[in-house]
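# I would like to see how this sequence folds:
(chains A and B)
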There are 2 protein chains.
Amino acid sequence: MRQSKLFTRTIKEAPKDEASINAQLLIRAGFVDKLMAGVYSYLPLGLRVLDKIKNIIREEMNAIDGQEVYLPAMQPKELWDKTGRWDKLREVMFQFKGRGDSEIGIAATHEEVIVQILTKYVNSYKDLPLAVYQIQDKFRNEARAKSGLLRGREFSMKDLYSFHLTQEDFESYYNKSKIAYTNVYDRCGLTARITEAPGGDFTDKMTHEFQVFCESGEDTVIYCPECSFSQNEEIATVKAGAKCPMCSGTVKSTKSIEAGNIFPLETTYTDPLGLKVTNDKGEEVPVIMGCYGIGIGRVMGTVVEVLSDEKGMIWPEEIAPFRVHLLSLFTDEEKRVQADNVYEILKKNNIEVLYDDRLDARAGQKFSDSDLIGCPIRLVVSDKTVEKNGVEFKFRASDESEIIGFEEMIDKIRKPILTGTSRAEEMDKELNEF
Amino acid sequence: MRQSKLFTRTIKEAPKDEASINAQLLIRAGFVDKLMAGVYSYLPLGLRVLDKIKNIIREEMNAIDGQEVYLPAMQPKELWDKTGRWDKLREVMFQFKGRGDSEIGIAATHEEVIVQILTKYVNSYKDLPLAVYQIQDKFRNEARAKSGLLRGREFSMKDLYSFHLTQEDFESYYNKSKIAYTNVYDRCGLTARITEAPGGDFTDKMTHEFQVFCESGEDTVIYCPECSFSQNEEIATVKAGAKCPMCSGTVKSTKSIEAGNIFPLETTYTDPLGLKVTNDKGEEVPVIMGCYGIGIGRVMGTVVEVLSDEKGMIWPEEIAPFRVHLLSLFTDEEKRVQADNVYEILKKNNIEVLYDDRLDARAGQKFSDSDLIGCPIRLVVSDKTVEKNGVEFKFRASDESEIIGFEEMIDKIRKPILTGTSRAEEMDKELNEF
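Down below sits the predicted model:
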């Protein structure tokens, strides 16, 4: 895409009402715009990232047999009364009146709807196991919507629900979901630690969170650097400095962002909504349920918190708005043809490229915009590179650049990209491989 | 996809509370589920159709330089007070209180938000023209939500907004949008007639609707079969039987579904929200705006109303949930391997296929399910076809089938498909080419 056509542009100063790094950088780079506390518009660059995260999640959910659906935001009170959550979630769920006397809520979560739908289709053990997911916007009346995309009042979420005949089958799927989740975070450039956590409004059982260690996180995690022991402080059985309950290590404490969670729900929702099946003996038995959530905007915000430096964002290759940011340093159209040609070569090779073709912006502005926007690869075309019959090639995460020829350029662009040093990796140095 | 894995199944009887053909067929086929009046869940088959329509629209909007964004549903009262629409739309917009005393609405439309965002990025005539669009869910407190997907209280919509320096430039873009819209309907298998219409809550100017003639439509259109004259009855200057104001023909009246609309908004929203630019003389001038809407679910519902027969739906090839419905008539796994092989051949050739691999369903059930679901091509593998070393090939829209070999099968599947007779075409017979 030609940057001269893009309607957004970068902003030099961070907005004063945004404290979080993710909101500051995303707004400055024109990825998002704030409408009100916890409510953001996604602008073209930001939407590209959001959509790429969604597609990664889709692929990983399909890989564990998830069937995609799309459920409504609007919910009738009657349905939520069946599980008692109309009253229980009153603080968090936006509730109001529709036509007549009907009471309507905007869904903060979707257990009730999906279970009700399945009562129409599932009645035999042969219909199980079953996993259904959606990527949809959720609405929550959050009191603390102050962390940019990390805690929204309106936010895109993937929620998967699984249904099983036996506890063993549920547990096997629950473990499979941990691998799928780990794949999602890996592909988004994050290292997520599976952490025991409380169930909140959803369940009395122990649940699991995917925690990304980060100074700006709202959560505190007690973990062992020697093994996989990891507990949310809220339910931790040991304190930092204590002996690890799983090995001989000494546990530590860290700030962390909860970037996803999975919940065993047992029959909490299937029972009151009447989702039952007959087993192979012809007996009616309850259906065991799990739910599995990832906030898409939150993943995006977390990536910015963890993978950025003082100059701007550093997008991992799979979710970067564009793989390549091509800068023309020419100020007249005639000379710019030389950069236009490189742009055409890249497009012809199906390489996603943002092309800074602006004639009226100075080189310094283009370089700082490029660092702020954070595409993994920067290419520069200028008098200097043309003289050497090539382009200047640089990774966003590295300080070293080199001038290379056009053929080498394509090969080099296509190779997998290591994001390089990042806050996450600095913190991970003290962790074992998970 | 293997049908035995699909969690939905067909329902024999139409739901009693649904009067419209689209809701009846879509629910019976397991494409959607009704949560409450005007609010539907999209199940796997229905979501595939919805996503395909979205992608067609995306392609056509990108082709007229639309830049995709994603705007929030939640809206602050203060913003809508600036255009006076908080009060004006009170009947239609869901409005309620958030934390503290903040008043929040759920967007019925998005002019206010997009204009406010653009005030941050657009200030020179050089930034124009500009077109921004989104595909997002809208919420409207509809009194008459009784037509299935045709009139929802929650529905997915594409809304594009264009911004111009001059009236001439606006008009040129407005005309270009008519072509893009016509492409969208064509690709969705619909014939849409551009029809003059009133502006409703949006503008006092004349607007244009894309009307698909259909008995079940809520609108009435006065049109000329001899030329392109077409007016919504609400603002019609002549009555059926009258002489066409544009040619010598006699105008007729027909029921019709409004499947999209475009509005000249002049400076109705840019003025109160302060979106102005400096022109090439350095003077501050207002920005001229247009908006362009298509309800995605409504297009889907319209296709079902128009392209279906007594047996079920007949999807046009570009938006069919799958291109091919492959039926195995075998009832034991050992024999079914022969149909499995055809399934593998189709997948290897990147053909989208729904595979009815069920062992416990009878042939009659499979045939009627296939007609109901309405994939454009049906393939049957049975003892009879295996004997002849081929498959039975049939278009959904045709009654004739033939047994063909595997190589011919792939060629035939890849060819463009004519949907064949349909209600729309029957009605169109009396219309000139538009």
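# pLDDT at A:Asp101, what is it?
If you check A:Asp101, the pLDDT there is 81.
# so it: helix, strand or coil?
coil (DSSP: H, G, I helix; E, B strand; the rest coil).
# burial count for it?
6 (other CB atoms under 10 Å in any protein chain shown). (Glycine included, C-beta is placed from N, CA and C.)
# how close does the closest residue in space to A:Lys82 that isn't next to it in sequence sit to A:Arg85?
Nearest residue to A:Lys82, sequence neighbours excluded (CB to CB, 6 or more residues apart in numbering or on different chains): A:Pro272, at 5.1 Å. Remark: distance between A:Pro272 and A:Arg85 (CB to CB, to the nearest Å) = 10 Å.
# excluding sequence neighbours, find me the nearest residue to A:Val304.
A:Asn22 (4.0 Å).
# check A:Met1 too.
Per CB to CB, 6+ apart, closest to A:Met1 is A:Leu354, 5.6 Å.
# need the contact list for that neighbour.
A:Met1, A:Gln3, A:Leu6, A:Leu45, A:Pro321, A:Phe322, A:Val324, A:His325, A:Leu326, A:Ile373, A:Cys375 (CB atoms under 8 Å, 6 or more residues apart in numbering or on different chains).
# per-residue confidence for A:Ser422?
If you check A:Ser422, the pLDDT there is 47.
# kindly report the same for A:Thr182.
What the model reports as pLDDT for A:Thr182 is 96.
# quick revisit: with neighbour numbers in mind, choose between A:Pro272 and A:Arg85.
Taking other CB under 10 Å, A:Pro272 and A:Arg85 do not tie; A:Arg85 has more neighbours (23 against 15).
# what about the nearest residue to that one once chain neighbours are set aside, helix or strand, and which?
Of all residues not flanking A:Arg85 in the chain, A:Glu112 sits nearest, at 7.0 Å (CB to CB, 6+ apart). When elements are assigned from DSSP states H and E, A:Glu112 belongs to helix A:111-118.
# put the alpha carbons of that helix into CSV.
C-alpha atoms of helix A:111-118 as CSV (Å, rounded to 0.1, in the frame of the first residue of the first chain):
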residue,chain,number,x,y,z
GLU,A,111,-22.1,-19.8,27.7
GLU,A,112,-25.8,-19.5,27.9
VAL,A,113,-26.4,-19.0,24.1
ILE,A,114,-24.2,-21.8,22.9
VAL,A,115,-25.6,-24.3,25.4
GLN,A,116,-29.1,-23.4,24.4
ILE,A,117,-28.3,-23.9,20.7
LEU,A,118,-26.7,-27.3,21.4
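# and stretch A:275-291 with chain B, contact?
No. Using CB under 8 Å from any CB of the partner chain, stretch A:275-291 stays clear of chain B, with a minimum separation of 12.2 Å.
# may I see the buried residues of that stretch?
A:Leu275, A:Lys276, A:Val277, A:Val287, A:Ile288, A:Met289, A:Gly290, A:Cys291 (16 or more other CB atoms under 10 Å in any protein chain shown).
# which stretches of the stretch 301-434 of chain A aren't confidently modelled?
Within the stretch 301-434 of chain A, the stretches with pLDDT under 70 are A:419-434.
# where does it get nearest to chain B, residue-wise?
Closest to chain B within the stretch 301-434 of chain A is A:Asp360: 8.9 Å, counting by CB to the nearest CB.
# ok, that residue to B:Leu35 distance?
Counting by CB to CB - A:Asp360 and B:Leu35 are separated by 52 Å.
# look at those two and report which has more neighbours.
Comparing A:Asp360 with B:Leu35 by other CB under 10 Å, the one with more neighbours is B:Leu35, at 20 against 8.
# now that one: which helix or strand?
B:Leu35 belongs to strand B:32-36, assigned by DSSP H and E.
# now that strand against helix A:111-118, angle please.
Going by axes from the mean of the first three to the mean of the last three CA atoms, to 10 degrees, strand B:32-36 is angled at 130 degrees with respect to helix A:111-118.
# quick one, phi psi at the residue of the stretch 151-300 of chain A found nearest chain B?
Residue nearest to chain B within the stretch 151-300 of chain A: A:Glu154 (4.8 Å; CB to the nearest CB). Main-chain torsions, A:Glu154, degrees, to the nearest 10: phi -130, psi 120.
# surely it and A:Phe139 touch.
Yes. Using CB atoms under 8 Å, A:Glu154 is in contact with A:Phe139, at 5.3 Å.
# need the overlap of contacts for those two.
With CB under 8 Å, 6+ apart, A:Glu154 and A:Phe139 have common neighbours B:Ala73, B:Met74.
# how about A:Lys366, secondary structure?
Secondary structure for A:Lys366, judged by three-state DSSP, is helix.
# equivalent analysis for A:Leu418, please.
coil.
# next one: A:Ile179
Strictly by three-state DSSP, A:Ile179 counts as helix.
# what about it, neighbour count?
Neighbour tally, A:Ile179, other CB under 10 Å: 12.
# which pLDDT value goes with it?
Reported pLDDT for A:Ile179: 96.
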